[in-house]
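Peer 1: Curious how this folds, go ahead:
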Amino acid sequence: MTSRAEQKPLTRKGEQTRLRIVAAAAQLMFEHGVAGTTMEDVKAAAGASSSQLYHYFADKQALVLAVIAYQDETVVGGQEPMFVQLDSIEGLRTWRDFVVQHQRELECRGGCPIGSLGSELAEIDAPARSAVSTAFLRWEAGIRGGLQAMHDRGELTASPDELALTILAALQGGLLLTQIHRDVHPLEVTLDAMISHVATQTIAVSPARSVRAAG
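Peer 2: Residues are numbered from 1 along each chain as shown. Sure thing, here's the model as predicted:
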């Protein structure tokens, strides 16, 4: 089910109100899970009235879908400027440091916002599962883009598709263990191992060959 407000364009004030509600719901669901978050909780956290809440979201499922889209844009969209730099081992390490530092700042709490939503909803809410799947595919594509650039230059011998999927799966596993142990070490080890694996699949390319490949 879609939100009622999506049936017609929102005013700027309406967009701001809707975003405030979604951001509040996202934070609550990140901290307490979807099942542990009620519409009343969201209303209180967002400082919204019942009429405002149900004007933008017909029911909780509509709000959940909006939260998934919000986390997709926040988590994956927030990393997209870095994805273009994943075309080198140095770029992969910079991205790795960013992800690890972010978990330190969160004190290793909450895990992956998208992964947590998927784990909770995959078997009970088909539209939500599909939305989470779309977010993960976007994340995978972002990682693959840098690897594909390495492959196109002749520097990467392995399949960018398979490597991107493996890196994303390793990232999710590392985030889960980091959340459980309240320690970034599992995430560091997992990402370091994946980057080392990518490094074993790279070869040095002469400048002349690189120029020909670019042309």
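Peer 1: Spell out which residues make up each domain of the protein.
Peer 2: 1-58, 68-214 (automatic domain parsing).
Peer 1: can I get the ones you listed in a markdown table with mean pLDDT?
Peer 2: As requested, the domains of the chain are exported to a markdown table (pLDDT from 0 to 100):
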| stretch | mean pLDDT |
| --- | --- |
| domain 1-58 | 89 |
| domain 68-214 | 93 |
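Peer 1: Now that we have these, can you turn them into JSON lines and tack on mean neighbour count?
Peer 2: C-betas here are computed from N, CA, C, even on glycine. Output for those, formatted as JSON lines (neighbours: other C-beta atoms under 10 Å):
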{"stretch": "domain 1-58", "mean neighbour count": "16"}
{"stretch": "domain 68-214", "mean neighbour count": "17"}
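Peer 1: All the helices of the chain, residue numbers only.
Peer 2: Along the chain, the stretches classed as helices by DSSP state H are 12-32, 39-46, 50-56, 60-71, 77-83, 89-105, 113-121, 126-152, 160-181, 185-200, 207-214.
Peer 1: how close does the nearest residue to residue 113 once chain neighbours are set aside get to residue 15?
Peer 2: With C-beta to C-beta, 6 or more residues apart in numbering as the criterion, residue 113 has its nearest non-adjacent residue at 4.5 Å, and that residue is residue 71. Residue 71 is 18 Å from residue 15, where distance means C-beta to C-beta, to the nearest Å.
Peer 1: next one: residue 202
Peer 2: Going from residue 202 to residue 15 by C-beta to C-beta gives 45 Å.
Peer 1: Likewise for residue 88?
Peer 2: Applying C-beta to C-beta, the value for residue 88 to residue 15 is 38 Å.
Peer 1: Test my guess that residue 148 contacts residue 158.
Peer 2: No: Residue 148 lies out of contact with residue 158 (C-beta atoms under 8 Å); the separation is 11.4 Å.
Peer 1: What distance do you get for residue 45 to residue 108?
Peer 2: 23 Å.
Peer 1: which residues sit in contact with residue 117?
Peer 2: Residues in contact with residue 117 (C-beta atoms under 8 Å, 6 or more residues apart in numbering) are 29, 34, 64, 67-68, 71, 128, 132.
Peer 1: who's in contact with residue 34?
Peer 2: Residue 34 is in contact with 64, 117, 120-121, counting by C-beta under 8 Å, 6+ apart.
Peer 1: In a markdown table: those, plus distance to residue 166.
Peer 2: Shown next, in a markdown table, are the contacts of residue 34 (distance: C-beta to C-beta, whole Å):
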| residue | distance to residue 166 |
| --- | --- |
| 64 | 29 |
| 117 | 22 |
| 120 | 24 |
| 121 | 24 |
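Peer 1: farthest pair in these?
Peer 2: Greatest spacing in the contacts of residue 34, by C-beta to C-beta: 64 and 120 (9.7 Å).
Peer 1: Who are the contact partners of the residue nearest to residue 149 when sequence neighbours are not counted?
Peer 2: Leaving aside its sequence neighbours, residue 149 sits nearest to residue 87 (C-beta to C-beta, 6+ apart; 3.9 Å). Applying C-beta under 8 Å, 6+ apart, we find residue 87 in contact with 146-147, 149-150, 153.
Peer 1: Residue 195 contacts residue 96, doesn't it?
Peer 2: Yes: under the contact definition of C-beta under 8 Å, residue 195 touches residue 96, with a separation of 6.3 Å.
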